[in-house]
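Undergrad: Predicted model and sequence below, questions to follow.
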Amino acid sequence: MKTSVITGLENIKKEPLASLKGKNLGLLANPASLDRSFTHASQVISQIYPGQLKALFSPQHGFYAEKQDNMIESVHGMEPTLNIPIFSLYCDTRIPTLEMFDLIDVLLIDIQDVGTRVYTFIYTISHCLEVAAALNKKVIILDRPNPIGGIQVEGNILEIEYASFVGRFPIPMRHGMTVGEISAFFNRQQGIGCDLEIVPLKGWNRKMYFKDTGLAWVAPSPNLPSPYSCMVYPGQVIFEGTNISEGRGTTLPFEQFGAPFINIKKIKSAADEKIKGAILRPVCFEPTSGKFSNKICRGFHIHVIDQNLFKPYFASLILLQLIIKFHKNEFEYKPPPYEYEYDKLPMDLILGSRKIREQLDNIEDLTRIEQGWKKELEAFKNLSSKFYLYA
């Protein structure tokens, strides 16, 4: 039986914060910012605090999540019902301007994160925290569940020379924190010093995946259409840095991947021995957009059968290395630019390390590579756990 988790938005709806009375409010949100009755956060806040909501802000993909791919900017606009501005924080600037924040005293944030280092929403939040701190504004985060749980933490820690908008700070690929927790972590560990308040979840615990929450999934971005997409995303996102289709332009983005040249038999035979907790089902698909548009790709659909055993990042590194091994003449890394970085390879930015890419190229043992980042991963877990809000 699914537990009914209460989001931060629903908590503030039930018990409004008296401290916000008379304040000019801003809201960072997108289509996933809904309460249980599918009322958008902008409407909920307007009902709780009539006339106080002065500006809306949107992360990557836009306020209506209409933009499909990376580096496709959204523009500023007006919200027709409330007649207030929508400021895009994924346009010619990813950082709120002084003029934007002049309209507000407090910024409310209701954003569904997906628990993965390269997902840009948490860095949009970090920029908001920095500007709010500089301008002496308050930020309140209405917390939401980490859809891939709060127990498993996985991957290498980002090396600071590969910091970008898909990894600003030294965290692993799978961080195991809610959006509220990781924002508090950034605020303290990066010395931001924002006046930050978290309106917590009720009924959520760290063992829960999204399917356990009783909440309806609304895609926070166009290519994460289901909680199952999120379960493989911490690994499958690495294919964005290659000429392998990550399934964009199909109905199963990130859950399936491939290319016209993939030798299914060879890769499956080698991968099945190494990947635990998931089944690779051979598929053919034809993307309608993106890589290999209107061409038949051969690859796999990843079916997670044991979420506690499956390690998405490790599994995708295995698959990438096998593709490099068996298809060295066809495989290519994607050249820059990627997320506003114009010099470094996208793969290095995604992995947070040039060394790991070189180890993959040299077909080094991945189990040994994984052991190499175990110490720093444990240090991160010990540090980040101090910011946990939930048992």
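TA: Cool, got the structure.
Undergrad: in terms of contact, does residue 78 touch residue 84 like I think?
TA: Yes: proximity of residue 78 to residue 84 meets the contact threshold set by C-beta atoms under 8 Å, at 7.1 Å. For every residue, glycine as well, the C-beta is placed using N, CA and C.
Undergrad: Where do the strands of the stretch 251-391 of the chain begin and end?
TA: Assigned by DSSP state E, counting those that start in this stretch, the strands in the stretch 251-391 of the chain fall at 256-259, 278-285, 297-304.
Undergrad: Serialize those to JSON lines and add fields for mean pLDDT.
TA: As requested, the strands of the stretch 251-391 of the chain are exported to JSON lines (pLDDT from 0 to 100):
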{"stretch": "strand 256-259", "mean pLDDT": "98"}
{"stretch": "strand 278-285", "mean pLDDT": "98"}
{"stretch": "strand 297-304", "mean pLDDT": "98"}
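Undergrad: Name the nearest residue to residue 351, sequence neighbours excluded.
TA: Counting by C-beta to C-beta, 6 or more residues apart in numbering, residue 351 lies nearest to residue 357, which is 5.9 Å off, once chain neighbours are set aside.
Undergrad: show me the contacts for the one you found.
TA: 333, 345, 347-348, 351 (C-beta atoms under 8 Å, 6 or more residues apart in numbering).
Undergrad: Comparing the strands of the stretch 251-391 of the chain, which comes out most buried?
TA: Mean neighbour count (mean count of other C-beta atoms under 10 Å) peaks for strand 256-259 among the strands of the stretch 251-391 of the chain, with a mean of 26.
Undergrad: for it, the distance to its chain's centre please.
TA: Relative to the centre of its chain, strand 256-259 is centred 21 Å away, using C-alpha atoms, centre = their mean, to the nearest Å.
Undergrad: Okay, domains of the chain per the record?
TA: 8-221+383-387, 227-352 (automatic domain parsing).
Undergrad: And those domains: which comes nearest residue 368?
TA: domain 227-352 (12.2 Å; C-beta to C-beta).
Undergrad: List the contacts of residue 377.
TA: So residue 377 contacts 153-157, 172 (C-beta under 8 Å, 6+ apart).
Undergrad: and after the worst-scoring helix or strand of the chain on mean pLDDT, which helix or strand comes next?
TA: Ranked by mean pLDDT, DSSP states H and E, the weakest helix or strand in the chain is strand 77-79, scoring a mean of 94. Later in the chain than strand 77-79, the nearest helix or strand by DSSP states H and E is strand 84-88.
Undergrad: and after that next one, which helix or strand comes next?
TA: Next in sequence after strand 84-88, counting helices and strands by DSSP H and E, comes helix 98-101.
Undergrad: Buried ones in that next one, by neighbour count?
TA: For helix 98-101, the neighbour count (16 or more other C-beta atoms under 10 Å) marks 100-101 as buried.
Undergrad: if we can go back for a sec, for the domains of the chain, which one sits closest to residue 365?
TA: The nearest among the domains of the chain, by C-beta to C-beta, is domain 227-352 at 9.8 Å.
Undergrad: Do you have the helices of this protein handy? List them.
TA: Using DSSP state H, the helices assigned to the chain run over residues 8-14, 41-48, 98-101, 121-134, 179-189, 227-236, 264-271, 312-326, 346-351, 354-361, 366-372, 374-384.
Undergrad: counting contacts, what elements does the first one pack onto?
TA: When contacts are defined as 3 or more C-beta pairs under 8 Å, 6 or more residues apart in numbering; DSSP states H and E, helix 8-14 packs onto helix 41-48, strand 138-142, strand 195-199.
Undergrad: Can you tell me which of the ones you listed is most buried?
TA: Sort those by mean neighbour count, taking mean count of other C-beta under 10 Å, and strand 138-142 sits at the top with a mean of 24.
Undergrad: before we move on, the earlier item: ok, residue 78 and residue 84, which is more surrounded?
TA: Shown here are residue 78 and residue 84; by other C-beta atoms under 10 Å, residue 84 has more neighbours (17 against 11).
Undergrad: right, and the more buried one touches residue 57 too?
TA: No: using C-beta under 8 Å as the test, residue 84 is too far from residue 57 to be in contact (10.9 Å).
Undergrad: what's the distance between residue 69 and residue 60?
TA: 10 Å (C-beta to C-beta, to the nearest Å).
Undergrad: More neighbours: the two, which one.
TA: residue 60 (25 against 13).
Undergrad: my read: the more buried one touches residue 221, true?
TA: Yes: contact status for residue 60 versus residue 221: in contact at 7.0 Å, counting by C-beta under 8 Å.
Undergrad: Against residue 246, how distant is residue 113?
TA: For residue 113 relative to residue 246 (C-beta to C-beta), the value is 19 Å.
Undergrad: no, scratch that, I was asking about residue 263
TA: 19 Å.
Undergrad: same thing with residue 198?
TA: As judged by C-beta to C-beta, residue 198 and residue 246 stand 32 Å apart.
Undergrad: What's the end-to-end length of stretch 19-34?
TA: 23 Å (C-alpha to C-alpha, to the nearest Å).
Undergrad: so residue 218 makes contact with residue 36?
TA: No: the criterion here is C-beta under 8 Å, and residue 218 misses it with residue 36 at 11.5 Å.
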